[in-house]
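Undergrad: The sequence and its predicted three-dimensional model are supplied below.
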Amino acid sequence: MQIQYLEFKALEMRKKVWKMIYDSGTGHTGSDLSCTDILIALYYDVLKINPAEPKWVDRDRYIQSKGHAVEILWSVLADKGFFSENKLKTYGKFHTDLIGHPNNKVAGIEMNTGSLGHGLSIAVGVALNAKITNKDYLTYTLMGDGEQAEGSIWEAAMAANHYRLDNLIGIIDNNGLQITGSNEEVMDSSSLKQKYQAFGWNVQEIDGNNMSEIVNALKNVKKNGHPNLVIAHTLKGKGVKVAEDRAEWHHKVPTKEQYEAAMADFDKKLGGDFENGEK
Ligand SMILES: Cc1ncc(C[n+]2csc(CCOP(=O)(O)OP(=O)(O)O)c2C)c(N)n1
Ligand SMILES: [Mg+2]
């Protein structure tokens, strides 16, 4: 897949998420924009999936452990055709199943998540199943950096190497922020590379808002008997200046003025840099 096309998609999806949060009055704005590029790389270039057959047995599995960033996930799943754009409009409304965290009643969702610290454990089980049943599918999980404070992560990290799960790819959205402040203020999550390496993992560190680096890292995971981790250095709120690198934008909804200013900026970028999807 062309990197320029993926960059275009990421911009389009950021605009969509921004509008969705404004329209519905709810959402994890900074968290969605932080990992948008990662989801685009996964869903448009890396994952082996078939939206027409969501439960295809040989599909790659994606478990979004940082479940709160669900608006970008719903947007991508609709765009890929797992469900309709009309259904997407029901996000956050009474009786919808497009709720504020991933919900496995919806096509394309493997597991309910949102209580932080569980995705890696689930992914270990799913990857182990592939080993036991001789399946080639890969299992990916996206975690937050604040989420690394959960003890269950480290139990899962140990188990992943014990069971030689080189079919497991963990990704950390390393944006330096949590809800109430920075990692330094809330819980020190530094030296993640050394920590995972000490648990036996192969670790790559990349710029997590750079499409080529994301795609390269995800396609170059090792098959050497050890689980793989990609530490993706990102900017929380990426793509909307007012929200970038600001903890209060974790789940803030834009004002009318902020909404309109960012929409105009998105339109300018989409119409200028990316007219007809070309850079
Ligand atoms: C077990 C648990 N504790 C607390 C929360 C509330 N919570 C939601 S998001 C969040 C911060 C997560 O920060 P991080 O993992 O860094 O995610 P990101 O910066 O990508 O949003 C917290 C504490 C939760 N969802 N689950
Ligand atoms: Mg974070």
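TA: Looks like it came in fine. Ligands and ions are numbered 1, 2, ... in the order given.
Undergrad: what about the stretch 101-250 of the chain, any weak spots by pLDDT?
TA: Within the stretch 101-250 of the chain, no stretch has pLDDT under 70.
Undergrad: would you list every one of the strands in this structure?
TA: Assigned by DSSP state E, the chain shows strands spanning 61-64, 139-144, 168-174, 202-207, 228-233.
Undergrad: residues touching the residue in the stretch 51-200 of the chain positioned nearest to ligand 1, list them.
TA: Using C-beta to the nearest ligand atom, the point where the stretch 51-200 of the chain gets nearest to ligand 1 is G144, with a distance of 1.9 Å. From N, CA and C alone the C-beta is placed, and that goes for glycine too. Contact partners of G144, counting by C-beta atoms under 8 Å, 6 or more residues apart in numbering, are 31, 65-66, 116, 172-173, 175, 178.
Undergrad: mind putting those in TSV, distance to Y137 and neighbour count included?
TA: Listed next are the contacts of G144 as TSV, based on distance: C-beta to C-beta, whole Å; neighbours: other C-beta atoms under 10 Å:
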residue	distance to Y137	neighbour count
S31	27	28
S65	18	30
K66	22	28
L116	25	20
I172	22	29
D173	23	25
N175	28	28
Q178	32	22
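Undergrad: will you turn those into JSON lines that also has distance to N210?
TA: As requested, the contacts of G144 are arranged in JSON lines below (distance: C-beta to C-beta, whole Å):
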{"residue": "S31", "distance to N210": "19"}
{"residue": "S65", "distance to N210": "22"}
{"residue": "K66", "distance to N210": "20"}
{"residue": "L116", "distance to N210": "26"}
{"residue": "I172", "distance to N210": "16"}
{"residue": "D173", "distance to N210": "14"}
{"residue": "N175", "distance to N210": "14"}
{"residue": "Q178", "distance to N210": "23"}
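Undergrad: Ligand 1 next: which of these are close?
TA: Taking C-beta under 6 Å from any ligand atom, the overlap between the contacts of G144 and the neighbourhood of ligand 1 is 31, 66, 116, 173, 175, 178.
Undergrad: show me the residues around L142 that make contact.
TA: For L142, the contacting residues are 35, 38-39, 62-66, 119, 171, 173, taking C-beta under 8 Å, 6+ apart as the criterion.
Undergrad: F82 now?
TA: Applying C-beta under 8 Å, 6+ apart, we find F82 in contact with 51, 54, 106-108.
Undergrad: Of those residues - the most surrounded one?
TA: Within those, G108 tops the neighbour count with 22 neighbours, counted by other C-beta atoms under 10 Å.
Undergrad: buried ones in the top helix by length along the chain?
TA: For the chain, the helix with the greatest residue count under DSSP state H is helix 3-24. Of the residues in helix 3-24, those buried by neighbour count under the rule 16 or more other C-beta atoms under 10 Å are 3, 5-22, 24.
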